[in-house]
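>>> A structural model of the following input is requested.
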Amino acid sequence: MSVAASHPEGANAVAFSSHSLQPPSSSTVVVDNEEKQNGKPKIQFNSDTPIEPTDTLPVKLQKPKSKLNLKQFKALHKLSTSTSFGLKIFVGFLFITIILGVSLIWHFANQKPLEVYIGDKLSFQFQEDKRLLRIDHLDIEDKLVGEMGLTISNQILPYSCHEFGDRNRICYNWRGIASMEITYEYYLGTHIYNVSWLAEDGIPLKDCFIFNPAHWYGSGVLFDQLWPIEAMQQESTPYINGHAENNEFGSILERYWLTSYGVTLSVDIHVPLFVSMNDTEHPGRLCLLSHFEKPYMHKNTPTWLNYTIGVTDNVRNAHIYHLKKITGSKFLDKSLIEETSWTTPPWLEQNLSQENLLASLEQIHLQNMTGGYYIINHQWESHYGSLTFDPIRFPDPSQLIASMKEKNFKVRLAVHPYACIESPAFQEGATQGYWLADQGGDVPSLTRWRGIIAAVLDVTKVSSREWYFRRLLALKSELMVDSFSVTDCEITVLPEAFMLNQEVSSLEFIPYFLDLINAVLEGSLNSSEKNFTFETTVASETQQFSTVIRLPVVSNNWGYANGIRSIIPRALSVGILGYPLMSSPLLNQTDRTFPSDSDQEMLYLRWLQLASLFPVFTLNSDSVLFNSNSTNLQNIMLGIIHFRQQVIIPELMKGIADAEEFGYPLWRPLWWGFPEDHVALEVDFEFLIGDELLVVPVLTPNSSITIYLPEGVWKDIGAGGQGLVEHTGPQWLSNYKVLYNSIPCFTRVV
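Residues are numbered from 1 along each chain as shown. Okay, the predicted model is just below:
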């Protein structure tokens with residue numbers, strides 16, 4: 001007999017089975033000899049042995065005292081057996097029911113979680129108050145723990161939609177609410193779990209992952225930047241490129257996280273994603289929320305949350321596997337490493353003119369520091385979006401660029417996808433339908449950018465791309481512009497309600513625009529080559545391009561809140577996101593926060609030393625070097641340039657081949673070389689250039705610092721050793737004295 005019980009909310013039917021209970025068809029009379037001797041005969045009915053008809057009765061029944069004939073005895077026998085057996089059936093059934101009830105009560109009072117396994121490492125558990133995803137690997141339990149489906153009541157149980165015993169797929173359906181599927185595969189030494197949620201009627205979906213005890217890396221540029229990131233705090237915020245100073249995620253952002261336990265987490269770009277870290281509702285957790293809410297355009301479709309988890313033995317191998325998925329072979333301009341780049345500082349853009357640029361070129365020339373790229377930032381256009389030089393401030397742009405090339409500079413112009421409404425380009429684009437349109441598709445959707453009202457190029461529309469391509473290519477060819485710098489493409493700046501020409505995510509706006517700039521440099525819209533390197537201040541899903549990432553301007557302080565201490569954590573984060581070529585961030589020299597010039601000079605000096613270690617060393621054309629009366633500072637600068645040429649550039653060049661082919665970072669976290677070293681997993685004040693050079697920039701006003709040396713023999717070639725002192729790691733060097741004109745560096749010899 002089968003007894004089925006189903007959950008009132010639509011849970012899986014759970015089946016209980018017991019042996020069939022059938023009444024016997026006949027019985028055999030058995031005489032108990034022991035009872036016979038006591039004068040009290042006992043009759044037992046054995047239902048396993050059928051009664052055969054016979055005329056001969058057992059001896060004991062041949063002369064009964066009551067003298068019953070055979071017919072009367074059979075009638076009495078039939079009556080007694082039917083009554084007693086029915087009673088036995090009832091009592092037996094009652095007993096079984098009681099036992100079953102007690103067993104069920106005990107089971108549900110002491111139940112273990114329902115647990116389903118997939119692959120070799122992942123289990124999915126239904127507990128009384130939560131649903132847990134757990135991943136174990138090697139000797140580490142709970143390499144990753146996730147709390148799943150937090151927007152779905154735990155009182156609602158799902159149906160399973162996978163085949164019993166399938167170790168490569170599990171599937172659950174909460175009827176009328178949501179469904180979840182996890183699939184498993186093993187590839188290149190990595191266990192891969194693809195998680196897919198789908199919810200009906202716009203129901204939001206949320207999964208949270210517990211930070212501790214692992215360290216976490218990734219995400220992108222943030223305001224209060226830390227390394228690792230598990231101690232950072234961020235309320236649930238749209239996960240799109242924005243301005244970190246506005247409590248948004250920064251301009252360089254990827255949907256990728258990595259843990260010290262060798263786990264990667266990558267979220268699909270089409271998910272309308274909100275992310276929180278240690279927020280008030282879920283402290284100690286990284287939470288992924290999928291929800292069609294501003295700024296994501298609402299599509300009348302179900303909500304989805306798709307992400308991939310990769311698991312391997314350590315953090316370095318896990319990250320290398322991820323890089324294989326997102327990067328490909330590309331060209332990186334090595335001259336950018338060998339030469340110093342210059343830029344007009346953002347705080348002087350309002351005064352940008354041909355006269356000022358020529359004066360700054362002369363200052364650089366007098367310091368015998370000519371060469372490299374010179375970046376002309378915004379305010380060179382007559383109107384934003386016109387792609388023509390302002391005839392008042394730049395009366396002869398051809399002569400300006402010719403002068404720059406005479407001094408061995410290459411010219412890079414800042415470009416963007418906007419056009420102010422006063423620009424003739426806006427009128428032409430509005431007539432032809434080149435701008436992002438409103439939801440109706442007829443009127444340009446406008447936004448506020450740099451204090452003006454502007455339209456934005458529809459980078460997904462073929463006619464719009466061709467129009468922008470022709471105009472920018474003509475400018476490049478006419479004035480002999482060498483390259484471009486993409487700025488201000490943050491998604492938060494785009495109009496609140498717009499419609500792209502194609503069914504793509506709004507986050508794909510950045511890759512589409514960078515592809516357009518690459519096409520101009522290649523000279524063809526149809527080119528798939530990536531032979532030219534250009535600069536960008538924004539990045540998202542753009543590792544395939546040959547770009548230099550320009551980090552945000554940092555404030556004039558020693559701290560982590562956009563100060564000098566945030567530079568290394570930002571650079572390491574950008575490097576592991578697949579962008580090896582980075583430009584040093586400018587120091588905001590208008591923000592004077594120190595009581596004396598000597599304090600300010602020390603901060604500038606330490607920033608200058610740190611900037612010289614970047615793959616691309618960029619200075620602003622209005623540098624303190626030119627405005628300072630300190631001959632000492634200028635001499636220090638010459639020493640920094642010499643040290644970079646002799647020590648830093650050779651190590652950077654050793655790593656360029658791996659950066660081009662595999663996307664390996666040029667600035668490498670300490671765990672890159674020492675993934676099992678627990679200290680290396682959390683050090684945020686030193687890093688590796690290549691595999692052998694350990695650099696420890698001074699990030700405090702003090703002359704003494706603490707240095708950590710991992711396993712190996714390290715030769716001191718920086719602050720005091722000059723290659724004469726060796727240290728055996730792992731060990732800490734406390735109170736390490738640093739001269740104001742030196743950078744602590746160590747090379748690994750064993």
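>>> residue 703 contacts residue 736, doesn't it?
No. Assessed by Cβ atoms under 8 Å, residue 703 is found out of contact with residue 736, at 9.7 Å. No exception for glycine: its C-beta is placed from N, CA and C like everyone else's.
>>> more crowded one of these two?
residue 736 (18 against 14; other Cβ atoms under 10 Å).
>>> so which strand or helix has the residue nearest in space to the middle of the chain?
Closest residue to the average C-alpha location of the chain: residue 256 at 1.8 Å, with Cα atoms, centre = their mean. Taking DSSP states H and E as the criterion, the element that holds residue 256 is strand 253-259.
>>> any idea how far the nearest residue in space to residue 718 that is not next to it in sequence lies from residue 95?
What sits nearest to residue 718 in space, not counting adjacent residues and going by Cβ to Cβ, 6 or more residues apart in numbering, is residue 745, at 3.5 Å. Per Cβ to Cβ, to the nearest Å, residue 745 is found 83 Å from residue 95.
>>> neighbour count for the two, which is higher?
residue 745 (24 against 10).
>>> quick one, what contacts that one?
If you count contacts by Cβ atoms under 8 Å, 6 or more residues apart in numbering, residue 745 has them with 647, 693, 694, 695, 696, 716, 717, 718, 719.
>>> does the residue nearest to the second one when sequence neighbours are not counted belong to a helix or a strand, and which?
Read that as residue 693. Closest residue to residue 693 apart from its sequence neighbours, by Cβ to Cβ, 6+ apart: residue 651 at 4.6 Å. Here residue 651 sits within helix 649-662, counting by DSSP H and E.
>>> wait, residue 709 touches residue 746, no?
Yes. Contact criterion Cβ under 8 Å: residue 709 and residue 746 qualify, at 6.6 Å.
>>> mind listing the shared neighbours of the two?
The contact lists of residue 709 and residue 746 share 694, 727, where a contact means Cβ under 8 Å, 6+ apart.
>>> these two - which one has more neighbours?
residue 746 (27 against 22).
>>> can you list contacts of the strand holding residue 256?
Against strand 253-259 from outside (Cβ under 8 Å, 6+ apart): 143-144, 214-221, 239-241, 264-269, 271, 273, 286, 307, 315, 318-319, 322, 539-541, 576-578.
>>> flag the least confident of the contacts of residue 745.
pLDDT across these is at its lowest for residue 719, which sits at 58.
>>> rewinding a little: take the contacts of strand 253-259 and keep only those in strands.
143-144, 216-220, 264-267, 273, 286, 307 (DSSP state E).
>>> is it possible to get TSV of those residues that adds neighbour count?
Output for those, formatted as TSV (neighbours: other Cβ atoms under 10 Å):
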residue	neighbour count
143	21
144	24
216	23
217	24
218	22
219	25
220	23
264	23
265	23
266	20
267	21
273	21
286	26
307	21
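>>> what about dumping the CA coordinates of stretch 411-424 to CSV?
Listed next in CSV are the C-alpha coordinates belonging to stretch 411-424 (Å, rounded to 0.1, in the frame of the first residue of the first chain):
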residue,chain,number,x,y,z
VAL,A,411,49.2,63.8,-29.5
ARG,A,412,46.2,62.2,-27.8
LEU,A,413,42.8,64.0,-27.8
ALA,A,414,40.1,63.5,-25.2
VAL,A,415,36.9,62.2,-26.9
HIS,A,416,33.4,61.3,-25.6
PRO,A,417,29.9,60.4,-26.9
TYR,A,418,28.1,63.6,-25.9
ALA,A,419,26.9,66.7,-27.8
CYS,A,420,25.5,69.9,-26.1
ILE,A,421,22.2,71.1,-27.5
GLU,A,422,23.9,74.3,-28.8
SER,A,423,26.2,72.4,-31.0
PRO,A,424,25.5,72.1,-34.8
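>>> just the strands in the stretch 251-400 of the chain please.
253-259, 263-267, 273-277, 285-290, 303-311, 340-343, 372-376 (DSSP state E, counting those that start in this stretch).
>>> select, out of those strands, the one closest to residue 682.
strand 253-259 (12.2 Å; Cβ to Cβ).
>>> pull the closest one out as CSV, backbone CA atoms only.
Output in CSV follows, covering the C-alpha atoms of strand 253-259 (Å, rounded to 0.1, in the frame of the first residue of the first chain):
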residue,chain,number,x,y,z
LEU,A,253,34.1,48.0,-12.8
GLU,A,254,33.7,44.3,-13.6
ARG,A,255,31.2,41.7,-12.4
TYR,A,256,34.0,39.6,-11.0
TRP,A,257,35.1,38.5,-7.5
LEU,A,258,37.9,36.2,-6.4
THR,A,259,38.7,34.7,-3.0
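>>> how far away from the center of its chain is it?
With Cα atoms, centre = their mean, to the nearest Å as the basis, strand 253-259 stands 2 Å off its chain's centre.
>>> what's the answer for stretch 727-747, then?
Distance, centroid of stretch 727-747 to centroid of chain: 34 Å (Cα atoms, centre = their mean).
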